[in-house]
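Student: Okay, here's the prediction I keep looking at, along with the sequence it came from:
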Amino acid sequence: MIHPTAVVDRHAELESTVQVAPFAVIGPKVKIGPRTRVGPHAVVEGDTTIGADNVVFQFASVGAIPQDLKYAGEPTRLVIGDANQIREFSTVHIGTAAGGGVTRLGNRCLLMANSHVAHDVQLGDGCILANSTALAGHVVVEDHVIFGGLSAVHQFTRIGRLAFVSGGAMVTQDVPPYVTVQGDRAEVVGLNTVGLTRAHFDEHAIARVKGAYKIVFRSKMGLREAVAHVKAEYGGHGEIDHFVAFLEGSQRGIAR
């Protein structure tokens, strides 16, 4: 399953069903799980663990050191889950000691061509990064977030689950769950109702999310007052409690 022109370090740990295409390079600290495929000319290096059923396409760079001048060779890692697709010329880097030491990708994510996942990023399950999306260091992305092409996220920013970041958006503040943002600098322009429907939110849950959205983004209340109103009116439901917890946990401030 390993092409004779591939360069696989003898210390790398590859499950027997892993496929490695011509001229790929696998480093000594790499561990790759069942049925994962590494395409031609792809490079997988660093202390990188990749789960099952992933596809690393040609010319992708996985596990390289951070683009951080403070990095001085500390032992940090990259952990990738299952069933992800990392497309052509994408880059995913290991973590830094100051950022927790681990860059992490969840399961069933699609990183389209030229996308970038920087050091210490925590990327949830089912996320899609369209072409040339860039996630800076220490970004936290919850599950099922979609990024349009050429969008970018500032370091230390959080993106809530089921959010939609429009193409070309420049995100500098936290994006709450369920919303759509666009522009430079990115602002909230509505709810990601398509995403909510695809996530099987029933009509009652969607109505609660819409109500909470109107209180936070369409009333003239300050954020603390708005959150208190949301708790009083819709609290006790999972989707609302998650929304509230995200808002209360913001340190950069939220996109409005």
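Tutor: Perfect, thanks for sending it.
Student: where do the strands sit along the stretch 151-256 of the chain?
Tutor: For the stretch 151-256 of the chain, the strands defined by DSSP state E, counting those that start in this stretch cover 152-153, 158-159, 164-165, 170-171, 179-182, 187-191.
Student: Nearest to residue 83, out of those?
Tutor: strand 158-159 (20.9 Å; Cβ to Cβ). All C-beta atoms are positioned from the backbone trio N, CA, C, and that covers glycine.
Student: Show me what the closest one is packed against.
Tutor: When contacts are defined as 3 or more Cβ pairs under 8 Å, 6 or more residues apart in numbering; DSSP states H and E, strand 158-159 sits against strand 140-141.
Student: now the strand it packs on, how far from the centre of its chain.
Tutor: 6 Å (Cα atoms, centre = their mean, to the nearest Å).
Student: Need the residues that contact it.
Tutor: Outside strand 140-141, the residues that touch it by Cβ atoms under 8 Å, 6 or more residues apart in numbering are 121, 122, 123, 124, 127, 135, 153, 157, 158, 159.
Student: 7 Å instead, please
Tutor: Contacting residues not belonging to strand 140-141 are listed as 122, 123, 124, 127, 135, 158, 159 [Cβ atoms under 7 Å, 6 or more residues apart in numbering].
Student: got the contact list for the following helix or strand past it?
Tutor: Later in the chain than strand 140-141, the nearest helix or strand by DSSP states H and E is strand 146-147. For strand 146-147, contacts defined as Cβ under 7 Å, 6+ apart pick out 128, 129, 130, 133, 164, 165.
Student: Just checking: what are the partner strands of strand 146-147?
Tutor: strand 128-129 (parallel), strand 164-165 (parallel) (DSSP bridges).
Student: ok, the contacts of strand 146-147 vs residue 181, which is closest?
Tutor: Distances from residue 181 to the contacts of strand 146-147, taken by Cβ to Cβ, are shortest for residue 165, at 5.7 Å.
Student: List the contacts of the closest one.
Tutor: Applying Cβ under 7 Å, 6+ apart, the residues contacting residue 165 are 147, 148, 151, 159, 171, 175, 181, 186.
Student: check contacts around the third one.
Tutor: Going back to what we said before, that points to residue 151. Taking Cβ under 7 Å, 6+ apart, one finds 133, 165, 166, 167, 168, 169 in contact with residue 151.
Student: Can you tell me which of the strands paired with strand 146-147 is packed in deepest?
Tutor: Most buried of the strands paired with strand 146-147 by mean neighbour count (mean count of other Cβ atoms under 10 Å) is strand 164-165; its value is a mean of 26.
Student: Tell me which residue lies nearest the centroid of this protein.
Tutor: residue 123 (3.0 Å; Cα atoms, centre = their mean).
Student: Next one, pLDDT for that residue please.
Tutor: Note for residue 123: predicted pLDDT of 98.
Student: from memory it sits against residue 111, does it?
Tutor: No. Counting by Cβ atoms under 7 Å, residue 123 does not reach residue 111; the two are 8.8 Å apart.
Student: So which residues of the protein form helices?
Tutor: 193-198, 203-213, 223-234, 238-248 (DSSP state H).
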